[in-house]
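**Q** structure for this input, please:
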Amino acid sequence: MPSLSLKKSYSVAHTIQQFYTGGPIAVSPDGAFLACSCGDDIKIVDTSTAAIRGTLEGHLATAIEFGPDGRKFFSGGHRTIRVWDLETGKCEREWKGHNGPVMAMSCHPSLGLLTTAGSDRTVLVWNVDGLFCTHSFSGHKGVVTCLMFHPDPERFLLFSGSEDTTVRVWDLKKAKYEEKNDKKKYDKKKNNVVLEKHLSAVTSLALSEDGRILLTAGRDKVVNLWDPYVEENHWRKTILTYEVLEAVCVLHSGTTLHSCVSSDKGGMNKTTSEEVYFLTVGERGIIRIWNSKSAVCMFEQKTSDVAFSSEDDDLRRGFVSASMLPADQGLLCVTVDQQILFFTPRKESEEDFNLNLSKRLLGNNEEVSDMKFLDEDEKFLAVATNLEQVRVYDLSSMSCSYILAGHSQIVLCLDTLTQSDGSTLIVTGSKDTTVRVWDSVSTHCVGIGKAHQEAVGAVAFSKKKGKFFVSGSRDRTLKVWSIEGISLDSQVVKKLETKALVLAHDKDINSLAVAPNDAYVCSGSQDRTACVWRLPELVLVVKLVGHKRGIWSVEFSRFDFCVITASADKTIRLWSIADGSCLKTFEGHTASVLRASFISRGTQFVSCGADGLLKLWTVKTNECIATYDQHEDKVWALAIGQKTEMLATGGSDARINLWHDNTAAEKEEAFQKKEENILKVQELENAVLDADYTKAIKIAFELRRPQKLLELLSEIHRKKEAEDLLRDFLAALSKEELRQLLEYVREWNTTKLCLVAQFVLKQIFSFFSPTEIVEVKGIGEILEGLKSHTVRLWNKFVRLEENTNLLGYTLAGMSMLEPDVDDRDAKRPRREIAC
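**A** The predicted structure is shown next:
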């Protein structure tokens with residue numbers, strides 16, 4: 001067996017964090033990234049990696065939109081509209097646009113116009129370049145919910161839908177002409193067409209590919225087709241969808257999805273106004289594609305894990321928006337619970353196709369309560385959040401691979417098991433008092449157990465044989481469940497049976513752990529005790545008493561006959577199973593310790609707690625060798641990879657951090673840095689011997705050797721070329737390096753070294769402008785220190801000069817000093833005075 005090397009350092013390799021909390025969402029013109037509303041900020045998210053590219057801070061956005069070129073970005077909030085530069089992430093301009101929140105906005109693809117609609121029932125059109133209002137339209141009697149420009153620049157039309165059930169078509173060109181030339185004859189009715197057919201709020205607008213037919217969808221469960229260009233009888237057709245609709249999208253010719261449903265299999269012929277293919281999404285959580293000519297549904301999604309269930313009306317289901325991605329990249333749909341789904345069509349036969357869920361981004365995990373790695377390669381992570389679902393992440397793409405849906409209330413705990421045949425099972429416990437067993441391949445529930453009377457707070461699989469699991473509940477009981485006979489191929493959910501049960505504790509059971517040999521199970525409870533039970537009969541072996549508050553976590557060591565526990569009393573304890581004695585106590589957390597797990601063959605462990613910290617400990621020395629602060633709130637969940645010993649942490653801040661051991665990398669980096677320092681020191685000595693003071697000063701500063709730097713500056717500051725040498729050095733300094741040099745000068749500014757310090761300070765103030773100096777981080781504190789010492793030294797020199805003058809005067813008065821004689825007086829002949 002290779003020698004054991006202790007871990008000394010971990011670093012965050014990947015982070016899954018909150019980027020969408022509901023509200024508006026926009027897709028960039030090239031489909032490469034999304035803009036999502038997240039609290040008071042706007043997150044720019046990469047669609048391929050789910051990484052956050054940037055954050056636009058300080059604007060609670062109610063409407064957002066990308067500029068046509070993708071460089072500018074517009075957001076609307078309460079009364080105000082902002083223009084952002086995406087490269088810098090800074091707001092370029094802000095102005096008041098409405099008398100209430102901005103509810104919708106849209107950009108014209110080629111005319112440089114932005115339109116906004118507010119809760120004040122008005123529609124405004126703005127010039128993007130000049131940022132001035134060109135049109136102001138009023139007429140809606142309710143909040144305007146959606147806006148759309150006609151893409152043809154020759155038509156100058158704007159469409160708006162409202163909660164007043166109407167759709168209005170505004171003629172920008174006609175309104176502009178009449179307002180400018182004849183204000184007295186200006187009539188609002190001539191500049192807009194009112195389309196009235198909906199019975200509820202209009203939620204979405206779309207145009208046919210030739211621009212002749214307008215499609216409108218609403219919460220009255222219908223899609224209406226209109227011809228807005230005729231003088232009368234604009235309505236053409238109503239298609240019943242029997243679903244509250246949130247979005248309608250037209251399928252353009254040449255796209256893969258259009259070719260799958262159209263009679264033109266090549267998909268290159270433009271659809272006419274007589275036959276338009278469009279899709280709808282809404283409360284049912286399924287995608288349907290329609291033909292406008294026959295008014296029939298051409299395609300309906302077969303399965304969807306966001307489908308609406310009438311039995312569980314309180315669950316959050318369904319879509320809130322949808323849009324076609326550019327460059328035939330597929331379809332994007334947004335769900336009520338902040339999931340962003342990417343669909344691409346997939347041919348299953350000549351006549352049949354399906355929409356394949358190619359990617360799932362989760363905008364908000366809410367509070368993470370538990371997590372475990374999946375499979376032998378540990379490439380997947382199962383996460384239980386403050387939802388009734390379990391989310392399984394693919395760690396290679398950092399996107400959600402699939403969701404396990406079936407519980408009716410929040411999932412509190414989970415565990416995973418990799419069987420001998422390579423299949424992986426997941427067991428979950430929920431507030432709905434049930435336990436469920438899932439197959440990770442089919443993502444179906446294969447077993448359900450209903451025996452607990454209250455919420456199930458802890459579950460643990462068998463470690464050796466994989467034939468059972470144990471559950472603990474708020475009803476204070478432990479139950480052993482058999483999973484023998486479960487068929488992964490069957491569609492029937494097996495009813496699980498208990499093999500043993502026991503009333504284990506006086507309060508809630510928070511944590512369970514099964515021993516590596518399947519002989520014991522340990523339970524931790526709010527009653528401040530942990531108990532070790534013999535399996536499968538659940539006979540008490542030993543009771544571990546010593547914690548002063550409830551126990552949140554228990555775990556067996558795989559290499560020693562001991563158990564580790566983590567408690568709300570801020571301590572971690574190591575116990576002997578043989579006699580129940582406490583072997584060691586570890587203190588260091590400032591709040592409740594929520595999780596503790598062994599690593600490095602039981603010689604080390606990691607812990608996390610309510611203080612938001614992750615700590616790395618060595619068992620032998622009781623020493624905490626590293627502390628990491630990468631969470632902003634309680635860390636409830638901790639997962640350890642058995643193969644890679646990779647860590648995953650999650651908590652109340654909705655953030656999941658993946659940690660990699662970088663002990664070897666840091667050791668190699670330290671070795672390389674040491675070698676570089678040796679070479680630098682030699683180079684410094686050579687520069688001093690060659691009297692190359694500019695190079696020597698630069699190297700001494702890079703090595704952070706203030707004493708050597710002081711020696712070099714002391715040697716040159718009286719030389720004539722000193723100013724030029726120092727200016728060459730100052731020219732290469734960054735803002736951070738300038739701050740470091742000023743800190744050195746502050747330390748040197750003493751009675752003994754003040755001449756060098758003041759010389760360097762004078763050169764700094766001469767070389768850098770006041771603006772550049774003010775930009776240095778922490779400059780106020782540094783200058784305050786320099787000022788106090790400099791004033792003290794100046795006063796000392798003034799007193800010294802005064803004392804020197806007084807001494808000279810005194811000595812001269814005592815005729816002990818010869819008076820100074822002017823040269824002219826010395827040459828002038830003396831006059832003799834006659835007596």
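**Q** so for stretch 372-380, what's the average pLDDT?
**A** Regarding stretch 372-380, the rounded mean pLDDT is 90.
**Q** so which residues make contact with it?
**A** 381-382, 392-396, 401, 414-416, 418, 422, 424, 426, 440, 639-644, 646, 648 (Cβ atoms under 8 Å, 6 or more residues apart in numbering). (Glycine included, C-beta is placed from N, CA and C.)
**Q** where in this structure is the helix or strand with the lowest mean pLDDT?
**A** Taking all helices and strands of the chain together, the one with the lowest average confidence (mean pLDDT, DSSP states H and E) is helix 823-827, at a mean of 51.
**Q** emit the PyMOL select command for whichever of the contacts of stretch 372-380 are buried.
**A** This is how PyMOL selects the buried members of the contacts of stretch 372-380, with burial counted by 16 or more other Cβ atoms under 10 Å:
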select buried, resi 381+382+392+393+394+395+401+414+415+416+418+424+426+440+639+640+641+646+648
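**Q** what comes up buried for the helix ranked longest in the chain?
**A** Ranked by residue count, the top helix of the chain under DSSP state H comes out as helix 779-813. Residues I782, L783, G785, L786, H789, T790, L793 are the ones in helix 779-813 that count as buried (16+ other Cβ under 10 Å).
**Q** rewinding a little: which ones among the contacts of stretch 372-380 are found in helices?
**A** Judged by DSSP H, the subset of the contacts of stretch 372-380 located in helices is empty.
**Q** just give me the longest strand of this protein.
**A** As far as residue count goes, and with DSSP state E defining each element, the longest strand of the chain is strand 90-107.
**Q** state the mean pLDDT of that one.
**A** Across strand 90-107, the per-residue pLDDT values average to 92.
**Q** equivalent analysis for stretch 445-463, please.
**A** Averaged across stretch 445-463, the pLDDT comes to 95.
**Q** in that stretch, what counts as buried?
**A** Using 16+ other Cβ under 10 Å as the test for burial, stretch 445-463 gives 445-447, 449, 451-452, 455-462.
**Q** could you confirm W617 falls within a strand?
**A** Yes - membership of W617 in a strand is supported by DSSP: H, G, I helix; E, B strand; the rest coil.
**Q** show me what contacts it?
**A** Taking Cβ under 8 Å, 6+ apart, we find W617 in contact with I572, F586, G588, Q604, F605, V606, S607, E623, C624, I625.
**Q** nearest to E484, of those residues?
**A** Out of the contacts of W617, the one with the shortest distance to E484 is F605. That distance is 33.2 Å, counting by Cβ to Cβ.
**Q** and the gap between the closest one and V545?
**A** With distances defined as Cβ to Cβ, to the nearest Å, the gap from F605 to V545 amounts to 21 Å.
**Q** which one's more surrounded, those two?
**A** Just comparing F605 and V545: by other Cβ atoms under 10 Å the higher neighbour count belongs to F605, 23 against 13.
**Q** host element of the more buried one?
**A** Mapping F605 onto the secondary structure by DSSP states H and E places it in strand 604-609.
**Q** so what are the sheet partners of that strand and their directions?
**A** Strands adjacent to strand 604-609 in the sheet, as given by DSSP bridges, are strand 593-599 (antiparallel), strand 614-618 (antiparallel).
**Q** CA atoms of the shortest one as CSV?
**A** So the one you mean is strand 614-618. Presented in CSV, the C-alpha positions along strand 614-618 are these (Å, rounded to 0.1, in the frame of the first residue of the first chain):
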residue,chain,number,x,y,z
LEU,A,614,-15.4,24.4,5.9
LYS,A,615,-12.6,23.1,8.1
LEU,A,616,-9.9,20.5,7.5
TRP,A,617,-8.7,18.6,10.6
THR,A,618,-6.0,16.1,11.5
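**Q** give me the phi and psi for Q682.
**A** When quoted as degrees, to the nearest 10, the phi and psi of Q682 stand at phi -60, psi -40.
**Q** number of nearby residues for it?
**A** Close neighbours of Q682, defined as other Cβ under 10 Å, add up to 11.
**Q** quick check: it vs L710, distance?
**A** 21 Å.
**Q** all strands for the stretch 251-400 of the chain, in order.
**A** Counting by DSSP state E, counting those that start in this stretch, residue ranges of the strands within the stretch 251-400 of the chain are 277-282, 288-291, 296-300, 319-324, 331-335, 339-347, 353-362, 368-374, 380-385, 389-394, 399-405.
**Q** need those in JSON lines with distance to H505, can you?
**A** As requested, the strands of the stretch 251-400 of the chain are exported to JSON lines (distance: least, Cβ to Cβ, whole Å):
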{"stretch": "strand 277-282", "distance to H505": "48"}
{"stretch": "strand 288-291", "distance to H505": "52"}
{"stretch": "strand 296-300", "distance to H505": "51"}
{"stretch": "strand 319-324", "distance to H505": "44"}
{"stretch": "strand 331-335", "distance to H505": "39"}
{"stretch": "strand 339-347", "distance to H505": "38"}
{"stretch": "strand 353-362", "distance to H505": "35"}
{"stretch": "strand 368-374", "distance to H505": "20"}
{"stretch": "strand 380-385", "distance to H505": "22"}
{"stretch": "strand 389-394", "distance to H505": "26"}
{"stretch": "strand 399-405", "distance to H505": "29"}
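**Q** between those strands, which one is closest to V563.
**A** Nearest to V563, of all the strands of the stretch 251-400 of the chain, is strand 368-374, at 19.3 Å by Cβ to Cβ.
**Q** isn't L395 up against M371?
**A** No - if you go by Cβ atoms under 8 Å, L395 and M371 don't touch, sitting 11.6 Å apart.
**Q** who touches both of those two?
**A** L381.
**Q** comparing the strands paired with strand 604-609, which comes out most buried?
**A** Each of the strands paired with strand 604-609 was given a mean neighbour count from mean count of other Cβ atoms under 10 Å, and the largest, a mean of 24, is that of strand 593-599.
**Q** what is the end-to-end distance of stretch 475-492?
**A** 29 Å (Cα to Cα, to the nearest Å).
**Q** just give the number of residues close to G130.
**A** By other Cβ under 10 Å, 9 other residues sit near G130.
**Q** may I have the phi/psi pair for it?
**A** Geometry field for G130 lists phi and psi as phi -90, psi -20, criterion degrees, to the nearest 10.
**Q** how much space between it and R93?
**A** Taking Cβ to Cβ as the criterion, G130 is separated from R93 by 11 Å.
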